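Trainee: Mind looking at a prediction? Sequence and model below.
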Amino acid sequence: MRSAFFVLLAATLGVSLARLGPPSRGNHPHTVKHGMFPGSFSKRSSRHDRRASIHRRQDPSGTGCGAGSQISTKAPKNNIFAGLTNDEAAAVTSFLHHQESLNLTAAAEATSWDNKVVQVELLQPNKSSALSYLDSSSAAPDRYARVVIRFGATLEPYIQEYQVGPLPVANGSTTLAQLNYIHNKGRGYQRLYDADQAELAAFAAEIGASIADITKSLLNGTAVGALNDTLAVAGSTPLIHEDGKIFEWAQFYSLHTGVCFDEDILPTGLMFKADITGRDPAKWSVVGWQYNGVFYASETAFRQAFNSSSFVRPGPNVDGDWACTDYNNDPFPHDELNPPVPIQPDGSRFAVDEQEKYVEWKLTSMEVDFSFYLSNGRDLGMHLHEIRYKGERVIYELGLQEAVAHYASASDPFQASNAYLDSEDGFGQFQFQLVSGFDCPTYATYLNTSFYTGETTHTHPSSICMFEFDTGYPIQRHTAPTYVSVTKNIAFVVRTVATVGNYDYMFSYEFYMDGSIHVDVRASGYIQASFWTSNMGSQDGFHIHDNLAGAMHEHVLNYKVDFDVAGTANSLVKAALVPTTQVYPWSNGKPRNTMKFERTFIASEDDGKLNWDSNNAVMYSVVNKDAPNKYGEYKGWKIMPDSGNRNYLVIQNSSTLGRSVNWATHHLYAVQHKDSEPKSAHPYNGWDPNEPLIDFAKFFDGDSLDQEDIVIYFNLGMHHIPDTSDLPNTVFTVRPPPPFVPSPPSHKNTRLSPRIPLYPLPPSLIPHPLPKPKLTALPTPQSAHSSMILAPQNYLPGDPSRGTVHQTRINSVNGSVTSVTKFNPGNGNGNGYCNPDLGNWVGEVYIAKYPYLPDAQLVGSIGAGVEAGIP
């Protein structure tokens, strides 16, 4: 659901947006233009003129937790992945308006019946062209713009994507062509079935007015488009394609009364299903009603029940402190004391080329450990490109492809119809300013992002942060009889947060000294709750507040990682520990129950849909058979689940999303790279779920994975059954996942929309009444945190973290310190602010019991107690 789902109705009918809060959807082809935040940032950056740009900003807090200045560097190449400049985007927009065949109207003046430019951004270069530039002295590939145009001046409105270029725009050389080759639908075209947002909002207001007497009685409010409305109406997403018609379920929600925008947890249980087929509002109609879990085939039937003496009136969910995220005046002990805070005593230790959005993390004087370029787009937010480790490219591209929040219900057709593909909303346009000291350390380097929509550039200051931090546990440790050795674990993090409707997604890429990269996502924010009804039963979720149920749903986030291990010719190997019973030459002819190590190669895309093993005994690695190390082992990078959930959709062959989520049927996938398959999904897939612009299943056409350019797609996410701990907000911290349930044999295949007030679960499938068994509080399969590890395998001669000076060895004899070896010639242990006295370390302290000498504490060598206890 989207927090400001009611904005569309308000914007259309003149209700104050200041009261209703932030807009939830941008100026997408199928949504009206919403109001902007007070003080919105629309001016171009004064530092560098980039579309979808990133700008460095120094510590904004002024707290003194960071010292020194940001280190600068010079990118080895221009960033060919960065967005269009303001001048380029303006020139492309002007060029489009001069194409008479498009019949464009300026976005600021366009109605739903006009053609207009929706989006202009960089069309990412084909990898085949990019590598020629990155790996040699060849010229940079030509730049092209990707353009989205909404054609509204027709009875069947649609969007069409185009490419414009080469850039810069010049008479005679710049051309306009349909952008079709990257869409396996056959063309970059998608029908738009709810183009007339103003008319749909007015239609919803008419419905609200027609039952105003009922809503006043049941819900103590109205939703008629008036300034004093206390209710809003939200429509389901995606639209329902059924029997050649277009339908949408909608529900009335109570508006917040306090400072917190908590409409997501204030459903009323009053909902209707509307037929909104076509563009003539006179032909739209309400085809069913539901209240308190009971379906009515018409308004007349609903009114008859409403006027009967047996009609149950549970009342609405009422706003209050329980629903607000503010401090609740129930302090923790000692909470008045300041908690620990991270500091950066000597300034940043990473370097940034601000103009080229290029970053280096260099831990030794000899070589750069990690380097990469950044890009940021309206649809998918932050991506990393050309990731090099120890000077060699290991990943060409790493970034989010899509995220789905799929709801389900046996008793609530509104929730049953909701499944949100978040790139439609756009992660990039909801990356707002990070909160220094909370989202990121105060000493972080903060970057701005920009995106283009509706012929306008929008800038979000400080919406990406970069910083190093001490993880709080060492990366290496060992205790020996005469010493203890320990090394600090310092990670470098690039982070952003995108608030897509009710959920805040925190995306982090964490780089570690052992060469591993952790891809990490966390989710917080308001749940999209259901109205609790007496006939709901146990199938939908927990009863979590007065008339509130936690609506079960699942999040799956799809990522792309394009490995290039010692070149583009790579293979995918499965390494597994498997149980075995074997007789060995040394086992006296007796069989031994044990395990063995097996390696098999995934030969082709036919076997490229993969799931993690139930016991974590399987690992996949991308290796180069042509690049063995000196021991004959193939250099590679392994892919391993980290903390939190690892999941794909429980729902198989979704009735709601059809073929648009074929990337969410397994844990991970391997395909051969093609320039015509740059993404696994498309922001407009949900507009016609069974005819998506990109159907990921079509990627699997039997191509070889043996020493080919391999692309891995993997899924993160969580299965979420909200309980009372999700009120008022779901929290970022991990909840233990349930025991892993192995997947079945390979099967081939919220939020509320702010779009409009506007029911696909047929009434005949809703039992009356539903059974009501007792819901047992079992461990819920959920975690608000999910991450994946990408790590080198047989890639270097040893552990690269030995290259850091931030380690120590404490030498001892008979348990007493003889010397402390510090490898940092600077300020002792690397932290002049909090430098411990390591000379106080002791081996063992023991007290003799026979004879018993309680006051005689003796110091012994490491392991003395173990030796004394050996028979």
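Mentor: Everything's here; your move. All of these numbers come straight from a predicted model, not from anything done at the bench.
Trainee: I'd say residue 629 and residue 635 touch.
Mentor: Yes - with contact defined as CB atoms under 8 Å, residue 629 reaches residue 635; the gap is 5.9 Å. From N, CA and C alone the C-beta is placed, and that goes for glycine too.
Trainee: what do the two both touch?
Mentor: 794, 795 (CB atoms under 8 Å, 6 or more residues apart in numbering).
Trainee: With neighbour numbers in mind, choose between those two.
Mentor: residue 635 (23 against 13; other CB atoms under 10 Å).
Trainee: In terms of pLDDT, where does the more buried one sit?
Mentor: pLDDT for residue 635: 97.
Trainee: which residues of the chain score low on pLDDT?
Mentor: Low-confidence segments of the chain (pLDDT under 70): 1-64, 66-68, 364-366, 734-782, 825-833, 865-871.
Trainee: Determine the longest helix present in it.
Mentor: Taking DSSP state H as the criterion, the chain has its longest helix at helix 197-210.
Trainee: Can I get that helix as PDB, trimmed to CA atoms?
Mentor: The C-alpha trace of helix 197-210 is given here as PDB (Å, rounded to 0.1, in the frame of the first residue of the first chain):
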ATOM      1  CA  GLN A 197      -7.300   9.600 -13.200                       C
ATOM      2  CA  ALA A 198      -9.400  12.800 -12.600                       C
ATOM      3  CA  GLU A 199     -12.500  11.100 -13.900                       C
ATOM      4  CA  LEU A 200     -11.900   8.000 -11.900                       C
ATOM      5  CA  ALA A 201     -11.400  10.100  -8.700                       C
ATOM      6  CA  ALA A 202     -14.700  11.900  -9.400                       C
ATOM      7  CA  PHE A 203     -16.400   8.600  -9.900                       C
ATOM      8  CA  ALA A 204     -15.100   7.500  -6.500                       C
ATOM      9  CA  ALA A 205     -16.400  10.600  -5.000                       C
ATOM     10  CA  GLU A 206     -19.800  10.000  -6.500                       C
ATOM     11  CA  ILE A 207     -19.800   6.500  -5.000                       C
ATOM     12  CA  GLY A 208     -18.800   7.900  -1.600                       C
ATOM     13  CA  ALA A 209     -21.700  10.400  -1.800                       C
ATOM     14  CA  SER A 210     -24.200   7.700  -2.800                       C
END
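Trainee: Would you mind listing the buried residues in the strand or helix carrying residue 216?
Mentor: In the assignment (DSSP states H and E), residue 216 maps to helix 212-219. Neighbour counts over helix 212-219 (16 or more other CB atoms under 10 Å) mark 212, 214, 215, 218, 219 as buried.
Trainee: how far does it sit from the chain's center?
Mentor: Chain-centre distance of helix 212-219: 39 Å, with CA atoms, centre = their mean, to the nearest Å.
Trainee: what's the helix or strand following that helix packed up against?
Mentor: Using DSSP H and E, the next helix or strand after helix 212-219 towards the C-terminus is strand 231-235. Applying 3 or more CB pairs under 8 Å, 6 or more residues apart in numbering; DSSP states H and E, one finds that strand 231-235 contacts helix 7-13, helix 197-210, strand 245-254.
Trainee: after strand 231-235, next one along is what?
Mentor: Counting by DSSP H and E, what follows strand 231-235 is strand 240-242.
Trainee: so how far is that next one off the chain centroid?
Mentor: 28 Å.
Trainee: And for stretch 482-494?
Mentor: Centre to centre, stretch against its chain (CA atoms, centre = their mean), the figure for stretch 482-494 is 29 Å.
Trainee: Only the buried residues of it, if you could.
Mentor: 483, 484, 485, 486, 487, 488, 489, 490, 491, 492, 493, 494.
Trainee: Then stretch 623-631?
Mentor: Buried residues in stretch 623-631 (16+ other CB under 10 Å): 623, 624, 625, 627.
Trainee: For the nearest residue to residue 285 once chain neighbours are set aside, grab the count of nearby residues.
Mentor: Setting aside the residues directly before and after it, residue 285 is nearest to residue 275 in space (CB to CB, 6 or more residues apart in numbering), at 5.1 Å. Neighbour count for residue 275, taken as other CB under 10 Å: 19.
Trainee: if we can go back for a sec, output the contacting helices and strands for the helix holding residue 216.
Mentor: strand 245-254, strand 267-275, helix 299-306.
Trainee: can you list contacts of the shortest one?
Mentor: Read that as helix 299-306. 210, 211, 214, 217, 218, 286, 289, 291, 294, 296, 311.
Trainee: CA atoms only for that helix, dumped as PDB, please.
Mentor: Taking C-alpha atoms only, helix 299-306 is exported to PDB below (Å, rounded to 0.1, in the frame of the first residue of the first chain):
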ATOM      1  CA  GLU A 299     -26.000  -1.500  -3.300                       C
ATOM      2  CA  THR A 300     -29.700  -2.400  -2.800                       C
ATOM      3  CA  ALA A 301     -28.800  -5.700  -1.100                       C
ATOM      4  CA  PHE A 302     -26.200  -3.900   1.000                       C
ATOM      5  CA  ARG A 303     -28.800  -1.300   2.100                       C
ATOM      6  CA  GLN A 304     -31.300  -3.900   3.000                       C
ATOM      7  CA  ALA A 305     -28.800  -5.700   5.200                       C
ATOM      8  CA  PHE A 306     -27.700  -2.300   6.700                       C
END
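Trainee: What angle do strand 267-275 and that helix make with each other?
Mentor: When axes from the mean of the first three to the mean of the last three CA atoms, to 10 degrees is applied, the directions of helix 299-306 and strand 267-275 differ by 160 degrees.
Trainee: List the buried residues for helix 299-306?
Mentor: In helix 299-306, counting by 16+ other CB under 10 Å, buried: 299, 302, 305, 306.
Trainee: Show me how far whichever helix or strand comes after that helix is from its chain's centre.
Mentor: Per DSSP H and E, the first helix or strand lying C-terminal to helix 299-306 is strand 350-353. The chain centre lies 25 Å from the centre of strand 350-353; the measure is CA atoms, centre = their mean.
Trainee: now, among the buried residues of helix 299-306, which is nearest to residue 502?
Mentor: residue 302 (28.5 Å; CB to CB).
Trainee: what's the spacing between the closest one and residue 433?
Mentor: As for residue 302, its distance to residue 433 is 46 Å (criterion: CB to CB, to the nearest Å).
Trainee: try residue 378
Mentor: 17 Å.
Trainee: Turn the buried residues of stretch 623-631 into JSON lines, including distance to residue 185 and secondary structure.
Mentor: Listed next are the buried residues of stretch 623-631 as JSON lines, based on distance: CB to CB, whole Å; DSSP: H, G, I helix; E, B strand; the rest coil:
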{"residue": "623", "distance to residue 185": "34", "secondary structure": "strand"}
{"residue": "624", "distance to residue 185": "34", "secondary structure": "strand"}
{"residue": "625", "distance to residue 185": "36", "secondary structure": "strand"}
{"residue": "627", "distance to residue 185": "38", "secondary structure": "strand"}
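Trainee: For those residues, give me JSON lines that also has distance to residue 850.
Mentor: Below are those laid out as JSON lines (distance: CB to CB, whole Å):
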{"residue": "623", "distance to residue 850": "60"}
{"residue": "624", "distance to residue 850": "64"}
{"residue": "625", "distance to residue 850": "65"}
{"residue": "627", "distance to residue 850": "63"}
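Trainee: sorry, back to before: compare residue 378 and residue 433 and say which is more crowded by neighbours.
Mentor: residue 378 (28 against 16).
Trainee: and that one, what does it touch?
Mentor: Counting by CB under 8 Å, 6+ apart, residue 378 has contacts 26, 52, 119, 121, 426, 428, 429, 451, 452, 453.
Trainee: try 7 Å
Mentor: 52, 119, 121, 426, 428, 429, 451, 452, 453 (CB atoms under 7 Å, 6 or more residues apart in numbering).
Trainee: Just give me the neighbour total for the fourth one.
Mentor: Just to be clear, that refers to residue 426. Neighbour count for residue 426, taken as other CB under 10 Å: 24.
Trainee: Quick check: closest non-adjacent residue to it.
Mentor: Per CB to CB, 6+ apart, closest to residue 426 is residue 378, 4.9 Å.
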